[in-house]
Every structure is written in structure tokens, then in C-alpha cells.
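Undergrad: how would this look folded up:
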Amino acid sequence: MRIFNQLESNVRSYCRLFPTVFKKAQGAVLEDKEGIKYIDFLSGVGTLNYGHNNPQLKERLLGYLDSDGIVHSLDLATVAKEEFLEAFEAIILKPRQLNYKVQFPGPTGTNAVEAALKLTRNITGRETVIAFSNGYHGVTLGSLATTANISQRDAAGITTAGVTFIPYDGYLGSDIDTTEYLDKVLSDRGSGVALPAAVIVETIQGAGGVNVASFEWLRSLETVCRKHDVLLVVDDIQVGCGRTGSFFSFEEVGIYPDIVTISKSLSGFGLPFSLVLIKPELDQWKPGQHSGTFRGPNLAFVTAKAALEIYWQDESLSASVRQKGTIMQLRLEQIAKNNWEAGFSVRGRGMIQGLDCKDGNLANKIIRTAFANGLIMETAGAQGQVIRCLPPLTISEEVLEKGLDILENSVNQVIQETVSKKLVDLGASV
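TA: Predicted structure coming up:
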């Protein structure tokens, strides 16, 4: 790690958790320079839903490069973009009866969020937006303002503005419907809460701790937005592209967002790519109002089209995700049950599952122990108290079970070490 420690900025983070030099990867397995292999339950934080170096996607990509296809094109029309749009409409939008215009805002998720927020303000003429406790939407200035974590917002160096935070589903307890509170403050001119341009929400808060909003709460949120003529933006960047079983995480809920942001696994191959989906009547951009040099990621168009054709023409992947999600949930619940004294709990949907350890230090020890044992995963939540499991959707059940075995053994190891230390400390105090 010498050259990284010497030359790379202090801002680096993941390499501090996993201090080795990775050399290659295939499917759900990473390998470092020393030949040590690790099962990947991180998946680029949801960027590699179809695994590392997916051979079918790689074949399409190499064929495109070999044909001297356009790589960079600003927002020019290209064959690669044309074919992606045709596939996206035919395979994703039409079967779901969704009518959206497609904006290519730039290759990152935060750029998609920036574009969505800017558009809602331009449409409505209102300045503020509603975001939620523990929400995460990116770290550029506009999206950072809607990100709840104070330490992340402090990094901006200035006070972020234009956002009112409302409690997410379950934040005040299971008996309190926070959409009723939102309706109340938007209905009351004396509440101090200005009528916003939009509400931006994650159906499942990934970075916030795998907090899963109920379908009822999400439907009620849409109803409140419609009542007050507020635009509903769903940030599907981490839990879209199949993570919950359906392509969009809101499909099963039965809501129809005004705007959707997607990114991460959209390219299917780990290539940067994001979209803003906009109801046609809301596509009120003037040419060039939201620009950028990398709005034509043609290599990502190629692999994204391939992913749609290979994995989304039928229900096979969706069924597999739900089955493996159940395996993950049951195994995590068993781990929690076996460690009942620690107060662990489990939450998630599909193949995003979290083990809430209640204690950030304990969760951190577990993921570091898991890494030493050959499993890569990270923590989430305001205190880093939730171990988040995000394996590739295409992982085999055999490798998935092996990874879960490592996690279970790592939890047991850390709990045993913690208990032993407490006994030693107790003995010393006596």
C-alpha cells in the first residue's frame, strides 16, 4: 500500500477498510496481488449487480471496441445510444406502462440528482425541497444539501440550503405515520415549512442503514405530493436495476414518480452511467441548461443494452433475486437469534439486507474480521452500526452461502472476543 499512502489523497476511504491491492475479479470474487480471494458482498456499493467482468457483457463491449465504435460523443446521436434507448423503451418502460423522457445528465448518480432537483425548481418556481432523515443522495453541493448526515454536509465548508428534512418512515416509531406530519405542515401556513418544489426519497435507504419504507407509507407520500402539487422524485440509484427483485424498487409499491434517478448498475459492467427519467410534460429543459462533457457514455450504452436483453426479457433474474434475498434474510435472522444478548436485528428487501449491530464499533470489528476471513462488506447508518450485504444479483447460491458462513463465523469470533475481554476486565477489577 506504500504508493497509495504516499501519493493518494487522505480522502480515500474504502481502501482503508480493505488494505490490500486488488488485481482481478470475476463474478462475485475479487483477487489481490498475492492471490488471496475474497467474496464480494459490497459490489461497488450496488454498482456490480451482474458481477465483476460479466463475460456476456464483456463480449459485447470488446466487440464494440473492436469495431471502432464511438467512445466519446458529448450528447451527439450515436448508434450505441439509439440502440440503448430502443431497448430501454421496449424492455423496461413499455411493459411497465411507464411514460418517461430520458435525460443523460452526466455519468454519476449525484449528477442525476443535481439535474432532477434543478429541474423541479425550474418547473415549479419554488426553491426548497423535502428530504428525509438518514437519506443519502450524493456529495456535490445540491445533492449534498438533501443528504442528512451532518458530517458529510459539513465537508462542504458552507451551510447547505434549500432543503427541509422530515422524519423517514419508522424514524419516530412504527406507530407514527410521518406522511401525516408532512401533510399537516404543508397544509398549515403557520408551520414554517414552505411549499416545496419536490420531495426526494429512497424507497430503501442504503447508506442510511438499510431502512425500508413500507409500501403503505410510500403510497401515502405520493398522495400527499399530489394533494399539494409537489413533484415526487424517487432516487433509485442504489436499490434500482434489480436489487429488490423488480427493475425499479417502486414497481411493486404501485406509485408513479414524476422523476426517477438511476445509476450504479445501469451500465451493467461498472462503467459510469446515470439517467434522469422525467414525465414528458415535465421535460421543460431548454437546450444546454444542464450540460456536461460526459453525457454520451457509449461504452456504457453498449453494456447497458446487453444487460437489459440478457437479464430483463423475462422474470428469471427477478425470481432468483427474491429467492436469494430470502436466503440472506433467514441467515441473518439466525445470526441475530444466536446472538440475542447483543440485540441484533435484521432488515432489508430483496438482495439488500442489513444486520443492525446497534454499535458502530462492534459492526466495524465484524467487517474487518470478515475481511481477514475472505469476505468484503461495509457498514451503513449514522453510526456505522448496520452491516450491509450487497452481493451481486448473479452470485451462485453456493458462493452466497459461503459468504454468509464467513459472516456468521466472523460475528461469532468478534462476540466471543468481546465476551472474553469483558471477563478479563471484570476479573482485573475484582
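Undergrad: what are the ranges of the helices in the stretch 51-200 of the chain?
TA: With DSSP state H, counting those that start in this stretch as the criterion, the stretch 51-200 of the chain has helices at 55-66, 79-87, 109-124, 141-145, 150-154, 178-187.
Undergrad: An error on my part: the question was meant for the stretch 251-400 of the chain.
TA: Taking DSSP H, counting those that start in this stretch, the helices of the stretch 251-400 of the chain run over residues 298-311, 316-338, 360-372, 397-429.
Undergrad: who touches the closest residue to Q284 other than its chain neighbours in this structure?
TA: Distance criterion Cβ to Cβ, 6 or more residues apart in numbering; nearest residue to Q284, sequence neighbours excluded, is I123 at 5.5 Å. For every residue, glycine as well, the C-beta is placed using N, CA and C. Going by Cβ atoms under 8 Å, 6 or more residues apart in numbering, I123 touches 197, 231, 282, 284.
Undergrad: related to what we said a few turns ago, got CSV for the helices of the stretch 251-400 of the chain, with mean neighbour count, mean pLDDT and distance to D68 too?
TA: Output for these, formatted as CSV (neighbours: other Cβ atoms under 10 Å; pLDDT from 0 to 100; distance: least, Cβ to Cβ, whole Å):
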stretch, mean neighbour count, mean pLDDT, distance to D68
helix 298-311, 23, 98, 12
helix 316-338, 17, 98, 32
helix 360-372, 19, 97, 42
helix 397-429, 15, 84, 37
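Undergrad: Rebuild the ones you listed as CSV, extending it with distance to I255.
TA: Shown next, in CSV, are those (distance: least, Cβ to Cβ, whole Å):
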stretch, distance to I255
helix 298-311, 22
helix 316-338, 19
helix 360-372, 32
helix 397-429, 30
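Undergrad: what's the closest of those helices to D188?
TA: Proximity to D188 (Cβ to Cβ) singles out helix 360-372 among these, at 37.4 Å.
Undergrad: what's the pLDDT at the nearest residue to T47 once chain neighbours are set aside?
TA: The shortest distance from T47 to any non-neighbouring residue, by Cβ to Cβ, 6+ apart, is to K264 (4.6 Å). Among the per-residue scores, K264 holds a pLDDT of 97.
Undergrad: Y50 versus K264, what's the distance?
TA: 11 Å (Cβ to Cβ, to the nearest Å).
Undergrad: ok, now K58?
TA: Using Cβ to Cβ, K58 is found at 11 Å from Y50.
Undergrad: Check I366 too.
TA: Distance, I366 to Y50, using Cβ to Cβ: 27 Å.
Undergrad: closest one to E378 among the helices of the stretch 251-400 of the chain?
TA: Taking Cβ to Cβ, helix 360-372 is the member of these nearest to E378, at 6.3 Å.
Undergrad: give me every residue that touches the residue nearest the centre of the chain.
TA: By Cα atoms, centre = their mean, the chain has its centre lying nearest to Q238, at 1.8 Å. Q238 sits next to 45-46, 202, 204, 206-207, 264, 352 when contact means Cβ under 8 Å, 6+ apart.
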